[in-house]
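>>> pasting the structure only:
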């Protein structure tokens, strides 16, 4: 059975190998317990594997973490091989071969540090597609340089292994590989200078925030290349100040830059801060998608409008952008952060969309897009919730105004006229005819008041249930109407909100069929199956195109159904009648 190693475990192993090699190589070279300067040097060298492990473990798709680990492993294994050779000048046999191979990895470390670490800075991507060819040239040059060192007849490093290279080639082959190695080193250094020039050009074109970050890498790469020049100038036999500075700069410059940019600019998804009253470091990588969704749980339980604000803030924090906004289809816009730049990325979210500004540092990566795609789901639900709440509020307000208008224009005017008639009858000693007319007016007012109350919540619905209320509503229609209900449904009662929602959906559908469809036949079916209570209203009217036509009051009723966990579907076509299906869980 094959076991699959997780990215976090692999990153931990690579970091451990690099750290062990760096420490062991230093101790083997100078002896235990070593010198203070050695431990300072070791501490600086351990920065690269530590940062690489933090990034690769939590962001395995970010190449920068693996790149730092690769460079750190080449440094650690090279240091261990050199330490073995220096600790025993008489070392021979297979162990000498292994030590020689390991010590030959220093050129690979330098090549990665000179070219790929600064080239992929700060977001783990090449600056542009044009650099793909340059990256391949650099990879080939580094490989040729390493092979030339490994197979050259001379010592890998003469002060380290003075007796020569145990696996080196002799004669013409040895000369050829030595020349190839020198050419590879020259090309590697030239590409590194090109990368330095590219960093300067990117700095020149960047905004203020980008310049603050890029200047550190420019300084680090300059220090690394300068350290190599010092090593070349003073030579490996000179263990004076010049060689010491060269070694320190060539190995420590870039780790120092990485730590500085993390502290000052929170790069590579690592934040270092101080918490509480005690001073200590906190490494807090950007939350994962699962962590973001877990943190958003309480936010989705708040009021709909507040949800949008919290979700916009989560997008901004999760992607580390300057600003983020959640937009609704009606133009409503909630922004987190200060909107001071153009939108860098937009993704649909339900009935709206998420808009992100530029990142604080670097560009949006594939991981950022994956996070944004995952956040689009809860954002879309929140947008739908806000739209549903707004439509329900508008529907309630429209219904309130309708009732107010009906009372004002109908029953209220009738009562005013009735009161005026009674006052007149009292003043004139009204005759029997006048009193009869007033009595009829009072009866008509009572009838109109009952019909108005039925429009709010008919009493037959409260007393007899859904089936009886629908039958009573359809009994007075001027067209042939059929109401069918499943056996046993008549005697069943459901919660008021469910019966009310279905009753008013049936009433509105019937009203639309009479007013707009010119139907001559209407059929209403009430069923309950598979946990659903369903009402279907069909007519033989002229029909319409549901895509372009206004659904009138059915839109608010659809929102009411959705709020209850159900739904409403309308099927129609010109000349083919209309079918309205509404259902709720029951």
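Here it is on my side, so go on. Bear in mind the structure is a predicted one, so any value in this text is a computation, not a measurement.
>>> what residues does stretch 334-347 touch?
305, 308-309, 312-313, 315-316, 321-326, 353-359, 363-364, 368-369, 372-373, 376 (C-beta atoms under 8 Å, 6 or more residues apart in numbering). From N, CA and C alone the C-beta is placed, and that goes for glycine too.
>>> Quick one: mean pLDDT for stretch 510-521?
For stretch 510-521, mean pLDDT rounds to 83.
>>> What of stretch 532-541?
92.
>>> How many neighbouring residues does residue 558 have?
Neighbour count of residue 558, defined by other C-beta atoms under 10 Å: 21.
>>> Provide the secondary structure category for it.
helix (DSSP: H, G, I helix; E, B strand; the rest coil).
>>> what sits up against stretch 519-530?
466-467, 470, 474, 477, 479-486, 489, 492, 502, 506, 510, 513, 533-541, 577, 586.
>>> Buried residues, that stretch. List them.
519, 522-524, 526, 528 (16 or more other C-beta atoms under 10 Å).
>>> now those in JSON lines, with distance to residue 183 and secondary structure?
Output for the buried residues of stretch 519-530, formatted as JSON lines (distance: C-beta to C-beta, whole Å; DSSP: H, G, I helix; E, B strand; the rest coil):
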{"residue": "519", "distance to residue 183": "90", "secondary structure": "coil"}
{"residue": "522", "distance to residue 183": "91", "secondary structure": "strand"}
{"residue": "523", "distance to residue 183": "89", "secondary structure": "strand"}
{"residue": "524", "distance to residue 183": "89", "secondary structure": "strand"}
{"residue": "526", "distance to residue 183": "88", "secondary structure": "strand"}
{"residue": "528", "distance to residue 183": "84", "secondary structure": "strand"}
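>>> Can you tell me which of those residues is nearest residue 150?
Looking at the buried residues of stretch 519-530 and their distance to residue 150, the nearest is residue 528, at 80.7 Å (C-beta to C-beta).
>>> pLDDT wise, what is that closest one at?
Reading off the model, residue 528 has pLDDT 89.
>>> All the strands of the stretch 351-500 of the chain, residue numbers only.
352-356, 480-485 (DSSP state E, counting those that start in this stretch).
>>> again, but for the stretch 201-350 of the chain
272-273, 282-283, 323-328, 333-337, 345-349.
>>> In TSV: those strands, plus distance to residue 566, mean pLDDT and mean neighbour count.
Converted to TSV, the strands of the stretch 201-350 of the chain look like this (distance: least, C-beta to C-beta, whole Å; pLDDT from 0 to 100; neighbours: other C-beta atoms under 10 Å):
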stretch	distance to residue 566	mean pLDDT	mean neighbour count
strand 272-273	49	56	12
strand 282-283	48	48	12
strand 323-328	24	80	23
strand 333-337	29	80	18
strand 345-349	24	71	17
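>>> Which among the ones you listed is found nearest to residue 95?
Across these, closest to residue 95 is strand 282-283 (C-beta to C-beta), at 38.0 Å.
>>> Now flag whichever of the buried residues of stretch 519-530 is closest to residue 261.
residue 528 (65.1 Å).
>>> looking at the sheet around that closest one, what are its partners?
residue 533 (DSSP bridges).
>>> before we move on, the earlier item: now that we have the contacts of stretch 519-530, which of them are buried?
466-467, 470, 474, 479, 481, 483, 485, 489, 502, 506, 510, 513, 533-541, 577, 586.
>>> care to break this protein down by domain?
7-273, 289-391, 392-454, 465-585 (automatic domain parsing).
>>> Tell me how far the first one lies from the chain's centre.
The gap between where domain 7-273 is centred and where its chain is centred comes out at 35 Å by C-alpha atoms, centre = their mean, to the nearest Å.
>>> quick one on the thing from earlier: next step: the buried ones among the contacts of stretch 519-530 restricted to helices.
466-467, 470, 474, 502, 506, 510, 513 (DSSP state H).
>>> For residue 148, state which of these is nearest.
residue 502 (84.0 Å).
>>> what's the spacing between the closest one and residue 468?
As judged by C-beta to C-beta, to the nearest Å, residue 502 and residue 468 stand 13 Å apart.
>>> so which of the strands of the stretch 201-350 of the chain gets nearest residue 223?
strand 272-273 (21.8 Å).
>>> List just the nearest of the ones in helices among the buried ones among the contacts of stretch 519-530 to residue 215.
residue 502 (68.4 Å).
>>> For that closest one, which residues are in contact?
Here residue 502 is in contact with 466, 526, 533, 535, 582, 584 (criterion: C-beta under 8 Å, 6+ apart).
>>> again with residue 143
Contacts of residue 143 by C-beta under 8 Å, 6+ apart are residue 184.
>>> Report the buried residues of the helix or strand containing it.
Under the criterion of DSSP states H and E, residue 143 resides in helix 131-151. If you call a residue buried by 16+ other C-beta under 10 Å, then helix 131-151 has these buried ones: 131, 134-135, 137-139, 141-142, 144-151.
>>> related to what we said a few turns ago, ok, of the domains of the chain, where does mean pLDDT dip lowest?
Across these, the lowest-scoring stretch is domain 392-454, with a mean of 64.
>>> Count the residues that sit near residue 344.
17.
>>> From the contacts of residue 502, pick the one nearest residue 105.
For the contacts of residue 502, the nearest to residue 105 is residue 584 (69.7 Å; C-beta to C-beta).
>>> Ramachandran angles for the nearest residue to the closest one once chain neighbours are set aside?
Spatially, and ignoring its direct neighbours in sequence, residue 584 is nearest to residue 566 (3.5 Å; C-beta to C-beta, 6 or more residues apart in numbering). Note on residue 566: backbone dihedrals following degrees, to the nearest 10 are phi -110, psi -150.
>>> residue contacts, residue 566?
So residue 566 contacts 501, 532, 582-585 (C-beta under 8 Å, 6+ apart).
>>> PyMOL command for the buried members of those residues?
This is how PyMOL selects the buried members of the contacts of residue 566, with burial counted by 16+ other C-beta under 10 Å:
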select buried, resi 501+582+583+584
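>>> Could you dump the contacts of residue 566 into a markdown table and include distance to residue 97?
Formatted as a markdown table, these follow (distance: C-beta to C-beta, whole Å):
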| residue | distance to residue 97 |
| --- | --- |
| 501 | 83 |
| 532 | 77 |
| 582 | 82 |
| 583 | 78 |
| 584 | 79 |
| 585 | 75 |
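>>> ok, of the contacts of residue 566, which one's closest to residue 191?
Using C-beta to C-beta, the contacts of residue 566 come closest to residue 191 at residue 585, 66.3 Å.
>>> The closest one against residue 565, yeah?
Yes: checked against C-beta atoms under 8 Å, the pair residue 585 and residue 565 is within contact range at 5.1 Å.
>>> Now do the same contact list for residue 187.
Contacts of residue 187 by C-beta under 8 Å, 6+ apart are 137-138, 141, 144.
>>> ok, 10 Å please
111, 137-138, 140-142, 144-145 (C-beta atoms under 10 Å, 6 or more residues apart in numbering).
>>> before we move on, what about residue 355?
So residue 355 contacts 312, 315, 321, 323-327, 333, 335, 339, 343-347, 349 (C-beta under 10 Å, 6+ apart).
>>> Distance of it relative to residue 130?
In terms of C-beta to C-beta, residue 355 sits 30 Å off from residue 130.
>>> Repeat that for residue 470.
72 Å.
>>> swap in residue 473?
From residue 473 to residue 130 the distance is 73 Å (C-beta to C-beta).
>>> which one of the contacts of residue 566 is nearest residue 442?
residue 501 (34.5 Å).
>>> tell me, how many neighbours does the closest residue in space to residue 229 that isn't next to it in sequence end up with?
Take residue 229 and drop its neighbours on the chain: the residue closest to it by C-beta to C-beta, 6+ apart is residue 246, 7.4 Å away. For residue 246, the neighbour count with other C-beta under 10 Å is 20.
>>> Could you do residue 515 as well?
For residue 515, using other C-beta under 10 Å, the count is 10.
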